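**Q** all I have is the shape, not the residue letters:
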C-alpha cells in the first residue's frame, strides 16, 4: 500500500457490520473512520479528507443517495455502496448519482478488500490519465490511433463499438449503468434504449473476449450494468 | 333550407354509429318477413307456407307456430309435413281457447317459425296482449319469423280503412313493427279474382257477421284497399331504396328540419291527429313528437276525457312518437316552447269545434301562428262523427261531497241575506250588493266553482226578493235594478271563476311541489344509505307515501342472478319469480299495466343503473289506473332509477372497501417481507463477515481454526441462500412481483449466471450452445439469471463431478425454447412434475443439501414471463429442463452510423 495509509470512511448503521468492515480494512493498513448515518457521514467526509467512502444505502436518518449527490458536488473520491439483493433499482440510482461500485450483502472480507484495493489503486493512478494505450489479457488498445489488437491480430471495431470499449476501459473496476453508457456513447437523447448497450456489448465481447458467453473482462452486473476488469480471474477449467 | 349545418355529402358520424349499432342488434335478432295483403282471402297464408316449404327444402329448421288454415284443404295440404308447435289451451270464460305457445316456441328455438295473423289479440291470460309482441320476443331470441298482415290492421291506416269500408277493425299492428320488418312481401290479387274466389267459397268467412263482411267485400272497397296496400308497400320499397342509399353514403342521413309535433287536445278525434302525424312523419322520414298540454282548465275535465287523452298518447307512442304531457297556462305557448326546445318545425293541431257564441276566440292554429310565425301549422280536419263535447265540465272539489258544498253555498247566501237585513235601513242598496259579493267570493274560495255559480244566482235572487222594491217579490219596480242584477251576476260569476281557478292552480302547484319534494327527499335519504336493506326501506317508504303502493325489491347478485326478495312487506302478494326474471332479462317493465303479462297483480320494474341492472322492483299499486298517466309512470321510473343508482353506489362503496382492505393487506405483507429480509440478512451479513475476518487476524489462525471459520461461513451462506429462496417464493406467490422486463440478448443472462456460479461449476464441463441470430428476449435479467443459476446449481448438485452440462436455446414459431441438460443419473421416472412442487427434491432422503424450492421458483419466474417449464429425460440420459419464453417484437436498433473501419 502506498504511503500515507489511505483513509476510508464507513457509513453504516449496523454496528456489527461496521466493526467487521473496520477489521477487514485495518488489516489492509487503512485508517478507518466510522459514521452511523447520513449527517455524521457528511461531516466525516468533509473533515477527514478521505480516499474512499463505503456507504450503506439503508440508513436510519436519510437516503444514502442524497449523501452521494451531496458529496459529488465537491469530491471525486471513490464511493462503494452496500446494498441488499433484489434492490437493483436502488443500486442503479446510487450509481447514476455518482457511486462507483457496489457490494451486495452479505459479502465476504475477500470481496470487500478486492474492491477497496481496486478503487484505491485507480484513485492513485488517476493523476496520469492521459495514457494512450491500454492492454489487458491478450488485447491491446491504442486509444489515440483507435486501433485494437487481439493476440497481435488487428480487430475491426465499428465506431460505436470502439467508443464503448474506450469508455469502459477508461473506467476500470467501476460499475457503469446502462444509462451512463448510453449517455457517454450514444449521447443524451438515447438514455432509455438500454437494449442498444446490450446488443453492442454482445458484439464487442465476440470480438475481444476469449469466451463471449462467459466473459472475463467486460462483466455483466445483472439488472445494473457492466464492469470492466483488466485482470482475468483465475480459471479452474 | 340550406343553412350553415346544411347536410353535406359527408355521412354524419352519429348516424353511422346508430347504423352500426342497429346492424349489430339486427345480427343478433331474428329476421321478420311479413306477407302483406289488401284483405282476407288474397292468399297470404298460402304464400307464407310456400315460402316456408322452400326453406324446408333448403334444410332450414322450420316449424309452424300458428297457421290459420280455417279448415281449407289446399292450405292444410301445404302445411303438411312441417312440424307444428301444439297450441296452449287457455281457459277463458268456461271455454278453453287454443293460443300460440310462446314458451314452447322459445324453448324449441327453431331457425324459422311461422306465426300467422300478426294483428291477432291474444286470449286474456297470455303473456302479451298482442301476438305481435310475442313475435317481438321471438325475434329478440334470434328466431326468424314469417307472419301475415292485412292492410286494415296497420295502426296508422286504421281510420282510413274504416272510413272507406265503414267497418272498424280493433286488432291492429303498430306501424313500427311493419316498418322494422326485414322484408315485406306483397301478396296481391285483383279484386275480380278475389270476388270470384269468394263466390267459389274459397275465402273463409266467419258465419256470424256474414252480412257485414259481404258488405266489406264490395268491389269499390277492395279496389281502395288494394290501392292502400300497394301504396304502403311502395312506401316501404322507397324506404328500402333510401336505406340502400344511406348505406352507400349517397345522401345525408336524417332530415331533422321536418320534425313534427302533434298537439293532442282532450276532444275526441285526437286519434286522428296522431294517425295523420304518424303518416306524415313516416312519409317525411322525420322524427315526431306528440304532446298533451294540461292547462288548469283541462285539469277539470271529466275522467273519461282524461283517459281518452292518455289512450291517444299511448297510441302515439305505439306509432313511434316521443310523447310528453306538459303543464302550462296556455296551450299555444307551451306547444311553441316545446317545439323550439326540441327543434320541431311543424305543428299539427286539430281543427277546433266552431263555437259561434264565442266569436272572439281564435282557433288554436291561429293562436300558434301569431305566436310563432316561423313554424308551419297543419290543421287536421275533424272526423265527421266526432261530436263536440256535450258534457259540461264537472267540478271536482277537493274534500267534501258535492251536494254538501251546494248546501253550504245556499246557506252562505242565506246568511248574507240575514246579515244584510238589519243593514237595509242604514245603508244604500249598492252596499247590500257588496255583502252578497263577499259571500260569493268566500264560497268560491272554500267550495269551488259550482257552488260559486249557485251562490251568484242565489244572491241575485235573494237580493231581488228581499231588498229590491217591491220587497218580498221578484217583481222589479225600477228597471234600473235589472242592470244591478246583471252586473251583480256577472261580477259574481267572474269572481267565482277566477278565485276557484286560482285555488285549483294553487292546488295543482302544491301537489307538483309535493312530488318534487318527495323526489328530493328520497334522493337525499338515499344518498345517506350504506346498505341495500336501507335503500329498500327508504324506497318502500316513499313509494308507499307517494304512489300509494307496496313495494318489494328483488336484487341481483354479482353473477346477475336474482336473489330472494328483500323486504316483502306483510300482505304483499307473492312475487312471481318468472315475471321478475323476465323483467330483469329484458330490462323492461312487466306485469300490471304493461304489455307483458298484464294480468299479474304486481308491476315489475327493472332497476336500471348506469353500469348494469341492479334488480327488479315489484310494486302493488292500490290504484292501478294511475299507471296510465304518463306523469305517474315517469315519477315511478324516476323513483326506480334513483333507487337503482343508489344500489349501484352502495355496490361500488363495497368494491372500494374491499380494494382498500386488499391494498392494506398487500402493504402489510410487503412490509413484513422486507422486515424479515432485513432482520435475517443483517445478522447473516455480520456472521459471514466475522467468519471471514478470522482469516485477517494476526497471527493467522491455525489450520483447525481456519477450517472452523470456513465451515461457519459456508453454513451462513447456505442459510442466506435459503432465506433468499423463501423470500423470493413468498414474493412470487403473492403474484405481485414486479418484472423489470428489458430487451436483451439471452447470452448475456447466461454469461452472468455462469460467472456467478463459477466456483460451483468448477468441477463440471459446461457447454453453451445458443443458436446464432437468436432474437432479443424481453425478460427481467435478474430473475432470469436466477432461473439459470438454479438450474445450473441443480445440475451441478445432482451429477457427479466431470459431468457435462449443456445450455441450449433455439427459436420456434411461437417462442424461444431453452434447455439445460446434463448427462448425469437423470430424473426419477414419472415424478418429473413433482420436482416443481415446493419442498420437493429428486431423491427422497438425499444427503445433498438444499430445500427443494429452487425449481418451484424457476417455474414461477418463467410463468410470470408468460412461458412454461417442464422436465424430461435428456437424449444423453440425464436430466433435461426445458423452458420457453414468448418472442415479442424486439425494438429496432439504430444501425451503427457507419460500418466503415474506424
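**A** Alright, I've got the coordinates. Every value quoted in this text rests on a predicted model; they were computed, and no experiment measured them. Numbering: from 1, shown residues only, chains lettered A, B, ... in the order given.

**Q** contacting residues for residue B:692?
**A** A:20, A:24, A:108-110, B:709, B:713 (C-beta atoms under 8 Å, 6 or more residues apart in numbering or on different chains). In short, each C-beta sits where N, CA and C put it, glycine included.

**Q** can you pull the domain assignment for chain B?
**A** B:13-247, B:256-380, B:547-647, B:738-886 (automatic domain parsing).

**Q** how about JSON lines for these, with mean neighbour count added?
**A** Formatted as JSON lines, these follow (neighbours: other C-beta atoms under 10 Å in any protein chain shown):
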{"stretch": "domain B:13-247", "mean neighbour count": "17"}
{"stretch": "domain B:256-380", "mean neighbour count": "18"}
{"stretch": "domain B:547-647", "mean neighbour count": "18"}
{"stretch": "domain B:738-886", "mean neighbour count": "18"}
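
**Q** ok, which of those comes nearest chain A?
**A** domain B:738-886 (4.0 Å; C-beta to the nearest C-beta).

**Q** so is the closest one next to chain A?
**A** Yes. Contact between domain B:738-886 and chain A, assessed by C-beta under 8 Å from any C-beta of the partner chain, occurs at B:740, B:742-745, B:747-752, B:754-755, B:758, B:762, B:765, B:768, B:770, B:776, B:780-782, B:785.

**Q** quick one, which of the contacts of residue B:692 are buried?
**A** A:20, A:24, A:108-109, B:709, B:713 (16 or more other C-beta atoms under 10 Å in any protein chain shown).

**Q** centre-most residue in chain A?
**A** Nearest to the mean C-alpha position of chain A, by C-alpha atoms, centre = their mean, lies residue A:174 at 1.7 Å.

**Q** residues touching that residue, list them.
**A** A:100-101, A:122, A:227-228.

**Q** recalculate using a threshold of 7 Å.
**A** Taking C-beta atoms under 7 Å, 6 or more residues apart in numbering or on different chains, we find residue A:174 in contact with A:100-101, A:227.

**Q** tell me which residue of chain A is furthest from the middle?
**A** residue A:153 (29.5 Å).

**Q** enumerate every residue touching that one.
**A** Residue A:153 neighbours (C-beta under 7 Å, 6+ apart): none.

**Q** give me the phi and psi for it.
**A** Torsion angles at residue A:153 (phi, psi; degrees, to the nearest 10) stand at phi -100, psi 130.

**Q** looking at chain B, which helix or strand is least sure?
**A** Within chain B, confidence by mean pLDDT, DSSP states H and E is lowest for helix B:210-216 among all helices and strands, at a mean of 64.

**Q** what's the next secondary structure element after the helix or strand where residue B:231 lies?
**A** Taking DSSP states H and E as the criterion, residue B:231 maps to helix B:219-247. Once the chain leaves helix B:219-247, the next helix or strand it forms, by DSSP H and E, is strand B:260-264.

**Q** figure out how far that next one is from the centre of its chain.
**A** Between the centre of strand B:260-264 and the centre of its host chain there is 27 Å, according to C-alpha atoms, centre = their mean, to the nearest Å.

**Q** can you list contacts of it?
**A** For strand B:260-264, contacts defined as C-beta under 7 Å, 6+ apart pick out B:270, B:273-274, B:277, B:280-281, B:286, B:288-293, B:309, B:312-313, B:316, B:321, B:335, B:338-339, B:344, B:346-349.

**Q** and for stretch B:787-804?
**A** By C-beta under 7 Å, 6+ apart, stretch B:787-804 touches B:749-750, B:753, B:756-757, B:760-761, B:763-765, B:767, B:805, B:820, B:822-824, B:842, B:848, B:850, B:854-855, B:857-858, B:861-862, B:878-879, B:881.

**Q** now, which of those lie within strands?
**A** B:765, B:767, B:805, B:820, B:822, B:879, B:881 (DSSP state E).

**Q** so where do the helices sit in chain A?
**A** A:15-27, A:38-48, A:64-72, A:88-97, A:109-125, A:159-169, A:178-185, A:194-208 (DSSP state H).

**Q** can I get those helices in a markdown table including mean pLDDT?
**A** As requested, the helices of chain A are exported to a markdown table (pLDDT from 0 to 100):
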| stretch | mean pLDDT |
| --- | --- |
| helix A:15-27 | 87 |
| helix A:38-48 | 89 |
| helix A:64-72 | 90 |
| helix A:88-97 | 88 |
| helix A:109-125 | 85 |
| helix A:159-169 | 90 |
| helix A:178-185 | 90 |
| helix A:194-208 | 89 |
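
**Q** dump those into CSV; add distance to chain B as well.
**A** Putting those into CSV (distance: least, C-beta to the nearest C-beta, whole Å) gives the following:
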stretch, distance to chain B
helix A:15-27, 3
helix A:38-48, 18
helix A:64-72, 15
helix A:88-97, 6
helix A:109-125, 4
helix A:159-169, 5
helix A:178-185, 8
helix A:194-208, 4
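
**Q** a markdown table for those helices, including distance to residue B:623?
**A** Shown next, in a markdown table, are the helices of chain A (distance: least, C-beta to C-beta, whole Å):
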| stretch | distance to residue B:623 |
| --- | --- |
| helix A:15-27 | 85 |
| helix A:38-48 | 79 |
| helix A:64-72 | 76 |
| helix A:88-97 | 70 |
| helix A:109-125 | 90 |
| helix A:159-169 | 87 |
| helix A:178-185 | 77 |
| helix A:194-208 | 75 |
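
**Q** pretty sure residue B:100 contacts residue B:68?
**A** No. Under the criterion of C-beta atoms under 7 Å, residue B:100 makes no contact with residue B:68, lying 10.7 Å away.

**Q** a markdown table for the ones in strands among the contacts of stretch B:787-804, including pLDDT?
**A** As requested, the ones in strands among the contacts of stretch B:787-804 are exported to a markdown table (pLDDT from 0 to 100):
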| residue | pLDDT |
| --- | --- |
| B:765 | 90 |
| B:767 | 90 |
| B:805 | 92 |
| B:820 | 92 |
| B:822 | 90 |
| B:879 | 89 |
| B:881 | 91 |
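
**Q** what's the spacing between the helix or strand residue B:499 falls within and its chain's center?
**A** Element membership for residue B:499 (DSSP H and E) is helix B:480-528. Offset of helix B:480-528 from its chain centre (C-alpha atoms, centre = their mean): 39 Å.

**Q** how about stretch B:78-93?
**A** How far stretch B:78-93 lies from its chain's middle: 34 Å, per C-alpha atoms, centre = their mean.

**Q** now swap in stretch B:814-821 and tell me
**A** 52 Å.

**Q** the residue farthest from the centre of chain A pairs with what?
**A** For residue A:153, the beta-bridge partners are residue A:150 (DSSP bridges).

**Q** so it versus residue A:205, what's the distance?
**A** Between residue A:153 and residue A:205 the computed distance is 17 Å (C-beta to C-beta, to the nearest Å).

**Q** what sits against the residue nearest to residue A:24 when sequence neighbours are not counted?
**A** Spatial nearest neighbour of residue A:24, excluding adjacent residues (C-beta to C-beta, 6 or more residues apart in numbering or on different chains): residue A:109 at 4.4 Å. Residues near residue A:109 by C-beta under 7 Å, 6+ apart: A:24, B:689, B:692-693, B:695-696.

**Q** nearest to residue B:34, out of those residues: which one, please.
**A** Ranked by distance to residue B:34 (C-beta to C-beta), the contacts of residue A:109 are led by residue B:689 at 91.5 Å.

**Q** related to what we said a few turns ago, give me phi/psi at the residue nearest to the centre of chain A?
**A** According to degrees, to the nearest 10, residue A:174 has phi -90, psi 150.

**Q** check what pLDDT it gets.
**A** We have a pLDDT of 90 for residue A:174.

**Q** ok now do residue B:731, which residues does it touch?
**A** B:673, B:737.
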